[in-house]
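Asks: I'd like to go over a predicted model; first the sequence, then the structure.
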Protein chains: 2
Amino acid sequence: MKTRIAILGYGNLGRGTEAAIAKNSDQELVCVFTRRDPASITLHTPGVPVLSVDVAPEMADQIDVLLLCGGSATDLPVQTPAYASLFHVIDSFDTHAKIPAHFSAVDAAAKASGKIALISCGWDPGLFSLARLYASCILPDGKDETFWGRGVSQGHSDAIRRIDGVLDARQYTVPIEAAVARVRSGEQPVLTPRDKHLRECWVVAAPGADKARIEREIKTMPYYFDEYDTTVNFISAEEMAEKHSGMPHGGSVLRSGRTGWDDAHTETIEYSLKLDSNPEFTGSVLAAYARAVHRMGLEGMCGCKTVFDVAPAYLSPESGDMLRAHLL
Amino acid sequence: MKTRIAILGYGNLGRGTEAAIAKNSDQELVCVFTRRDPASITLHTPGVPVLSVDVAPEMADQIDVLLLCGGSATDLPVQTPAYASLFHVIDSFDTHAKIPAHFSAVDAAAKASGKIALISCGWDPGLFSLARLYASCILPDGKDETFWGRGVSQGHSDAIRRIDGVLDARQYTVPIEAAVARVRSGEQPVLTPRDKHLRECWVVAAPGADKARIEREIKTMPYYFDEYDTTVNFISAEEMAEKHSGMPHGGSVLRSGRTGWDDAHTETIEYSLKLDSNPEFTGSVLAAYARAVHRMGLEGMCGCKTVFDVAPAYLSPESGDMLRAHLL
């Protein structure tokens, strides 16, 4: 059984997801929907059509799962409930504070339509959430910390680009190794944002721009930078293109806990990712969960789900017998 | 809702599980069943009875989940199917090659009784199996390796103890860091058993025993030692008691895979455990899954399950709303 998948949105995540689907022999990319002029987009996969999002409803019977590859700020809050009325859908909604409200809106739509809508899929939220859940349930008397990076934060890069006089910017989130080591040792330290991460900024300034002002505006920007040690480096557009065009990321979820009587023993669980391409990896997670959502839908489940609700076996193309014999 | 739990078998794992249950405020240890004389056993938990295993059937309505803490060689193949006829049960059956046969026997019993029987729970099989499953589904074009240790292998220690002239022995499985580093780099090397692990043996010989023969018998023992570089150290009983009485263990599951077109990018997933106490950590996993099995049973599920079949949310005492708001 092939899972017939469509992608809505052909930005970085849409392109990464297209590549991920090609790695799964039991999946087929049916089409890519776009809000742009379809003629302006050329897919990497030969023979797959690019269609206007306006025709998506007519395609419902040809698509098992629709992967929503838009942004969390304005696209997904509208798109996910809307398309959950027509398709099994998956999004990577990642505004942590707004997840409960998003869940409610999507759940109502998906329950009304009898579809499954998996939200907040990817690696954080997603795989890191799973690491936090498993570790906290197994070591209830413990503490966890999540470190991100070294990797490019799109949100922080965008925040710098909005400063007057900035032509381009890239911000790397860098975990502070000394803090990681303390957590890994089982010490359970209390850490401030400044203790955990550095923010490393690479900026192309407009000719004649006041670099001292730009640097000051970055370093004092509330929430994004003011609680961190931040470095700002001005470079040319050429150097930006040459050295900072990749989208690496990663990080670690660490939890240590005490076990035994009198808390005699310390146990440590660590889950780490080292990613050359954040969007290709996130797309790979979406593709694996597309298989799960397709199967869960065939079993008649519906409503809004998260990775917490998906039994791991649903992710695999292998049978239960095979999994028990070879992976357990 | 409290989960009422009983333990069958009060060896290292039974004791570790008793301590783990005490860390979960929504769990209650009802009793410990033993095949020994109950009067010979004193629990750590005050007020909890030790009962003969013969009375277990009479206790069925007072116990939500029975945790089977016996051995995989002879206990669990008999106990798990037998008790799955009366209770929701969990075992830590870890003879990988015999899991399919064990599953079949347990599944028949649990389906007949309408109970849930979760087999092969712990960290390997168990959490490491989950790490392999998630990683292989997300990075289908990849390769994974599992490293164990540094930690005490009971099976290898027992194998040495069976050699004539050996009074006591402890075997540490030691991952070879150079091999771990190669896998972690994304290189996907081909590794033999000898490339991956060292076997470090600490032996108390009987007075007058031929140590050269003992060392030779260890190093040439088929399957256990002959495919590895093995070191043998003879020590006194006092040194054994002083330096080698703990049961540390751990290890890592690593998978790297290629993503993107032309396999342009490498992504690496690593799941690691560092355990002061193997039995207390394994007991902690059993306790978390006891909560899941209790809930799944209340929902009417039955039959033999593995960690692959358990949606992560079932492990947590928190509601779906809380999990989405705070852990996702």
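Replies: In hand now; what should we look at?

Asks: Tell me the first helix or strand C-terminal of the worst-scoring helix or strand of chain A on mean pLDDT.
Replies: Taking mean pLDDT, DSSP states H and E as the measure, chain A has helix A:154-161 as its least confident helix or strand, at a mean of 93. As assigned by DSSP states H and E, the chain's next helix or strand after helix A:154-161 is strand A:166-175.

Asks: Return the mean pLDDT over the helix or strand following that following strand, rounded to an integer.
Replies: The element immediately downstream of strand A:166-175 (helix or strand, assigned by DSSP H and E) is helix A:177-184. Helix A:177-184 comes out with an average pLDDT of 97.

Asks: List the buried residues of helix A:177-184.
Replies: A:179-180, A:182-184 (16 or more other Cβ atoms under 10 Å in any protein chain shown). C-beta: built from backbone N, CA, C; applies to glycine.

Asks: out of these, who's near chain B?
Replies: Among the buried residues of helix A:177-184, proximity to chain B is found for residue A:184 (Cβ under 8 Å from any Cβ of the partner chain).

Asks: which among the buried residues of helix A:177-184 gets closest to chain B?
Replies: Closest approach between those and chain B, by Cβ to the nearest Cβ: residue A:184, at 7.8 Å.

Asks: Please report the distance of that closest one from residue B:148.
Replies: Using Cβ to Cβ, to the nearest Å, one obtains 19 Å as the distance from residue A:184 to residue B:148.

Asks: With residue A:84 instead?
Replies: Counting by Cβ to Cβ, the gap from residue A:84 to residue B:148 is 44 Å.

Asks: higher neighbour count, those two?
Replies: Neighbours were counted for residue A:84 and for residue B:148 using other Cβ atoms under 10 Å in any protein chain shown; residue A:84 has more, 30 against 20.

Asks: Alongside chain B, which residues does the stretch 151-300 of chain A contribute?
Replies: Near chain B, when you scan the stretch 151-300 of chain A using Cβ under 8 Å from any Cβ, you find A:184, A:186, A:257, A:259-261, A:264-277, A:280-281, A:283-285, A:288, A:291.

Asks: Let's see which of those residues end up in helices.
Replies: Among those, the members falling in helices (DSSP state H) are A:184, A:280-281, A:283-285, A:288, A:291.

Asks: those strands in the stretch 51-200 of chain A, which residues are they?
Replies: Remark: strands assigned in the stretch 51-200 of chain A by DSSP state E, counting those that start in this stretch are A:65-68, A:88-91, A:116-118, A:142-148, A:151-152, A:166-175, A:197-205.

Asks: So which of the ones you listed is nearest residue B:104?
Replies: strand A:116-118 (31.1 Å; Cβ to Cβ).

Asks: Can you mark which positions in the helix or strand containing residue A:294 are buried?
Replies: Secondary structure assignment for residue A:294, by DSSP H and E: helix A:278-298. Neighbour-count burial for helix A:278-298, counted by 16+ other Cβ under 10 Å, picks out A:278-297.

Asks: pLDDT averaged over stretch A:211-227 - what is it?
Replies: Mean pLDDT, stretch A:211-227: 96.

Asks: what's it in contact with?
Replies: For stretch A:211-227, the external contacting residues (Cβ atoms under 8 Å, 6 or more residues apart in numbering or on different chains) are A:155-156, A:159-160, A:163, A:165-166, A:192-194, A:199, A:201, A:203, A:205, A:230, A:232, A:234.

Asks: Mind checking which of those residues are buried?
Replies: Buried among those (16+ other Cβ under 10 Å): A:156, A:159-160, A:163, A:166, A:199, A:201, A:203, A:205, A:230, A:232.

Asks: Reformat those as a markdown table; add distance to residue A:30.
Replies: Shown next, in a markdown table, are those (distance: Cβ to Cβ, whole Å):
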| residue | distance to residue A:30 |
| --- | --- |
| A:156 | 35 |
| A:159 | 36 |
| A:160 | 38 |
| A:163 | 42 |
| A:166 | 40 |
| A:199 | 41 |
| A:201 | 41 |
| A:203 | 41 |
| A:205 | 45 |
| A:230 | 44 |
| A:232 | 45 |
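
Asks: Quick one: residues contacting the residue nearest the centre of chain A.
Replies: Most central in chain A under Cα atoms, centre = their mean is residue A:122, positioned 3.8 Å from the mean C-alpha point. Shown in contact with residue A:122 (Cβ under 8 Å, 6+ apart): A:92, A:94, A:282, A:285-286.

Asks: Distance check, it against residue B:120.
Replies: 29 Å.

Asks: same question, residue A:138
Replies: Applying Cβ to Cβ, the value for residue A:138 to residue B:120 is 16 Å.

Asks: And the residue of the stretch 1-150 of chain A closest to chain B?
Replies: residue A:137 (4.0 Å).

Asks: Residue A:319 - how many residues pack around it?
Replies: By other Cβ under 10 Å, 10 other residues sit near residue A:319.

Asks: same check, this time on residue A:262
Replies: Residue A:262: 7 surrounding residues under other Cβ under 10 Å.

Asks: now it: how far from residue B:285?
Replies: Note on residue A:262: its distance to residue B:285, by Cβ to Cβ, is 21 Å.

Asks: Repeat that for residue A:230.
Replies: 41 Å.

Asks: picking that back up, mind giving me the ChimeraX command for buried ones among the residues of the stretch 151-300 of chain A next to chain B?
Replies: To isolate the buried members of these in ChimeraX, using 16+ other Cβ under 10 Å:
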select /A:184,186,257,259,260,265,266,267,268,269,270,271,272,273,274,275,276,277,280,281,283,284,285,288,291
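
Asks: Could you report the pLDDT at residue A:73?
Replies: pLDDT recorded at residue A:73 is 89.

Asks: Tell me who's in contact with it.
Replies: When contacts are counted by Cβ under 8 Å, 6+ apart, residue A:73 touches residue A:95.

Asks: Got phi/psi on it?
Replies: The phi and psi values for residue A:73, taken as degrees, to the nearest 10, are phi -70, psi -50.

Asks: ok, the closest residue to residue A:35 other than its chain neighbours to residue A:9 distance?
Replies: Once flanking residues are discounted, residue A:35 sits nearest to residue A:53: 5.3 Å by Cβ to Cβ, 6 or more residues apart in numbering or on different chains. Distance of residue A:53 to residue A:9, computed by Cβ to Cβ: 9 Å.

Asks: any shared contact partners between the two?
Replies: With contacts taken as Cβ under 8 Å, 6+ apart, residue A:53 and residue A:9 have A:33-35 as neighbours in common.

Asks: Counting neighbours, which of the residues you listed end up buried?
Replies: Buried, going by 16+ other Cβ under 10 Å: A:33-34, out of the shared contacts of residue A:53 and residue A:9.

Asks: What count of nearby residues applies to residue A:236?
Replies: The number of residues packed near residue A:236 is 10, by other Cβ under 10 Å.

Asks: For it, list the residues it contacts.
Replies: Neighbouring residues of residue A:236 by Cβ under 8 Å, 6+ apart: residue A:204.

Asks: what pLDDT does it get?
Replies: Value for residue A:236, per-residue pLDDT: 98.

Asks: Quick check: phi and psi on it?
Replies: When read as degrees, to the nearest 10, the backbone of residue A:236 gives phi -80, psi 160.

Asks: same question, residue A:124
Replies: Per degrees, to the nearest 10, the backbone of residue A:124 is at phi -150, psi 100.

Asks: How many residues are close by it?
Replies: Neighbour count of residue A:124, defined by other Cβ under 10 Å: 20.

Asks: isn't it right next to residue A:148, touching?
Replies: Yes. Using Cβ atoms under 8 Å, residue A:124 is in contact with residue A:148, at 7.2 Å.

Asks: Could I get the contacting residues of residue A:26?
Replies: For residue A:26, the contact set (Cβ under 8 Å, 6+ apart) comprises A:1-3, A:291, A:317.

Asks: And stretch A:297-311, what's buried?
Replies: So for stretch A:297-311, counting by 16+ other Cβ under 10 Å, buried means A:297, A:301-311.
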